[in-house]
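J.: starting from these lines, generate the structure:
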Amino acid sequence: MLSLVKENKATRTRQVQFRMDPDKVKRLLAAIAYDDNMHSMADLFNKAADEYLKKQEENGGKGNGK
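T.: All right, here's what the predicted structure looks like:
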């Protein structure tokens, strides 16, 4: 008997799409391939987002420091 578990949409990760210069994508993928701490573009962008949000919180949420 197959039992399906209903997915909780509130906690599901979201997919994001954006455009980036092809050369930059190529360079990032090459860098990730040789980085033991990074496994995918998603890992890279999640880490960058965490660091950005942490910096914003440290600045009291005030813009980008300008």
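J.: what's the mean pLDDT across the lengthiest helix in the chain?
T.: Secondary structure of the chain per DSSP state H: the longest helix is helix 41-58. Per-residue pLDDT values over helix 41-58 give a mean of 93.
J.: equivalent analysis for stretch 8-17, please.
T.: For stretch 8-17, the mean pLDDT works out to 84.
J.: pull the CA atoms of it into PDB?
T.: These are the backbone C-alpha positions of stretch 8-17, laid out as PDB (Å, rounded to 0.1, in the frame of the first residue of the first chain):
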ATOM      1  CA  ASN A   8       3.500  21.500   4.100                       C
ATOM      2  CA  LYS A   9       3.700  24.400   1.600                       C
ATOM      3  CA  ALA A  10       4.500  26.900   4.400                       C
ATOM      4  CA  THR A  11       7.900  25.300   5.100                       C
ATOM      5  CA  ARG A  12       8.700  24.300   1.500                       C
ATOM      6  CA  THR A  13      11.800  26.000   0.000                       C
ATOM      7  CA  ARG A  14      11.100  28.400  -2.900                       C
ATOM      8  CA  GLN A  15      12.600  28.300  -6.300                       C
ATOM      9  CA  VAL A  16      14.200  31.600  -7.500                       C
ATOM     10  CA  GLN A  17      15.100  32.400 -11.100                       C
END
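J.: what's that stretch in contact with?
T.: Stretch 8-17 is contacted from outside by Phe45, using CB atoms under 8 Å, 6 or more residues apart in numbering. Placement of C-beta: from N, CA and C, glycine included.
J.: how far does that stretch sit from its chain's centre?
T.: Its chain's C-alpha centre lies 12 Å from the corresponding centre of stretch 8-17 when counted by CA atoms, centre = their mean, to the nearest Å.
J.: ditto for stretch 32-47
T.: A distance of 9 Å separates the centroid of the chain from that of stretch 32-47, by CA atoms, centre = their mean.
J.: straight-line length of that stretch, end to end?
T.: As for stretch 32-47, its first-to-last residue distance stands at 13 Å under the measure CA to CA, to the nearest Å.
J.: same question for it: list its buried residues.
T.: For stretch 32-47, the neighbour count (16 or more other CB atoms under 10 Å) marks Leu44 as buried.
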